[in-house]
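K.L.:
Build me a model:
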Amino acid sequence: GQQQQQQQQQQTPKMAMTKKASEKGRYIYSYQGRTIYEWSQTLDTISIYIITPPNVTGSQCLVTISPRRLKVGVRGWSQLYIDEALTDVVEVSESTWSWMDGELSIDLCKVARGRTWESPLEGKGGLDPVTREEVKKDMMLERFQEENPGFDFRNAEFNGGVPDARDFMGG
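P.N.:
Numbering: from 1, shown residues only. Prediction:
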């Protein structure tokens, strides 16, 4: 019964839960208690933030963005830090990366604008249902703001489930 259900919940891998990061709108993907990266999303972009080792500079970072794959490493290191399939397709020519003050920022441009991604990398963590609704709401408000520049939607509330910003009223 209920006790068995609680035990199953406790056995769920820690990485499956969405932890909010220090900065608003960012989520943490961690593995074995270590933060691998933080990430966020807007209507157009998935952003991944990685703290680089103290002795690594931006010119040493290697970032390869493909439509369905992301590779991140450091020049001279034999193993890549990330070599994973993306959750959805990105527009390579519009995607960028930069390094500043020890943080690598990767901005991936979504091909399917407005689609909510569960996580940037396939099978790596994911949004819990409550957070997923928050993200959908934020993206829907972003779309409303874009379509109605004179209005302020920051305190808007949705009744019931929030539609995906991509599918709402024909996209």
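
K.L.:
Point out where the protein drops to low pLDDT.
P.N.:
Where the chain drops to pLDDT under 70, the residues are 1-19, 22, 153-171.

K.L.:
For it, which segments count as helices?
P.N.:
2-11, 129-147 (DSSP state H).

K.L.:
Can you get me a residue count around residue 49?
P.N.:
17 (other Cβ atoms under 10 Å). For glycine as for every other residue, the C-beta is placed from the backbone atoms N, C-alpha and C.

K.L.:
wait, isn't it in contact with residue 28?
P.N.:
No - between residue 49 and residue 28 there is no contact under Cβ atoms under 8 Å: 9.8 Å.

K.L.:
which residues are in contact with both of the two?
P.N.:
With contacts taken as Cβ atoms under 8 Å, 6 or more residues apart in numbering, residue 49 and residue 28 have 37, 38 as neighbours in common.

K.L.:
in the protein, which spans are strands?
P.N.:
Ranges of strands in the chain, per DSSP state E, are 19-20, 27-31, 34-41, 45-51, 61-66, 69-74, 82-85, 96-100, 103-109.

K.L.:
Turn those strands into JSON lines, including distance to residue 118.
P.N.:
Listed next are the strands of the chain as JSON lines, based on distance: least, Cβ to Cβ, whole Å:
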{"stretch": "strand 19-20", "distance to residue 118": "15"}
{"stretch": "strand 27-31", "distance to residue 118": "11"}
{"stretch": "strand 34-41", "distance to residue 118": "10"}
{"stretch": "strand 45-51", "distance to residue 118": "11"}
{"stretch": "strand 61-66", "distance to residue 118": "19"}
{"stretch": "strand 69-74", "distance to residue 118": "15"}
{"stretch": "strand 82-85", "distance to residue 118": "13"}
{"stretch": "strand 96-100", "distance to residue 118": "22"}
{"stretch": "strand 103-109", "distance to residue 118": "14"}
